[in-house]
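Q: Sharing a sequence plus its predicted fold:
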Amino acid sequence: MAALCSRAGVRVELQLYPQATHAFQALPLIHPYAAEDSLVRVVHFLDSVWPEEVQQPLQQQPLQQQQQQTYSVDELHALPVRELRAMLREQGVSAEGCVEKRDLVNAVRHFRG
């Protein structure tokens, strides 16, 4: 695997431990030194190749949320069916079972808040 990564231009660091399985991190009680040392090396490697902004915890990175426009019931009824279905798709909701336009309007109101 390391040779394939190297040929593809991916930086590789490989440390082989005597008498250890290839997934010794899964068996830290049997291979305590190898497991701990390997994890330390993984962290060091990732720190060296990832940009700082990727390393920041997700909660520290600002989330870009789209502001959803709010519609009155009358405004929803005035929209084309195609647009109501698109609103549901954006929320990850199927329009299956919505037979009448009012069914779509009710679903949009329910799932968009």
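A: Good, I have the coordinates.
Q: any idea how far Arg109 is from Glu83?
A: According to Cβ to Cβ, to the nearest Å, Arg109 and Glu83 sit 14 Å apart. In this view, the C-beta of every residue, glycine as well, is placed from N, C-alpha and C.
Q: got it, and Lys101?
A: When Lys101 is compared with Glu83 (using Cβ to Cβ), they lie 11 Å apart.
Q: Ok, His77 next?
A: On the measure of Cβ to Cβ, His77 and Glu83 end up 12 Å apart.
Q: now Val42
A: 48 Å.
Q: go on, Phe111?
A: 14 Å.
Q: can you check Glu90 too?
A: 10 Å.
Q: now Glu36
A: Taken as Cβ to Cβ, the span from Glu36 to Glu83 is 56 Å.
Q: now Glu13
A: 52 Å.
Q: now do Ala95
A: Taken as Cβ to Cβ, the span from Ala95 to Glu83 is 12 Å.
Q: more neighbours, these two?
A: Using other Cβ atoms under 10 Å as the criterion, Ala95 and Glu83 rank with Ala95 on top: 17 against 13.
Q: give the contact list for the more buried one.
A: 84-85, 88-89, 104, 107 (Cβ atoms under 8 Å, 6 or more residues apart in numbering).
Q: what's the burial count for Ala34?
A: Neighbours of Ala34 (other Cβ under 10 Å): 20.
Q: again with the one 5 residues further on
A: When neighbours are counted by other Cβ under 10 Å, Leu39 registers 12.
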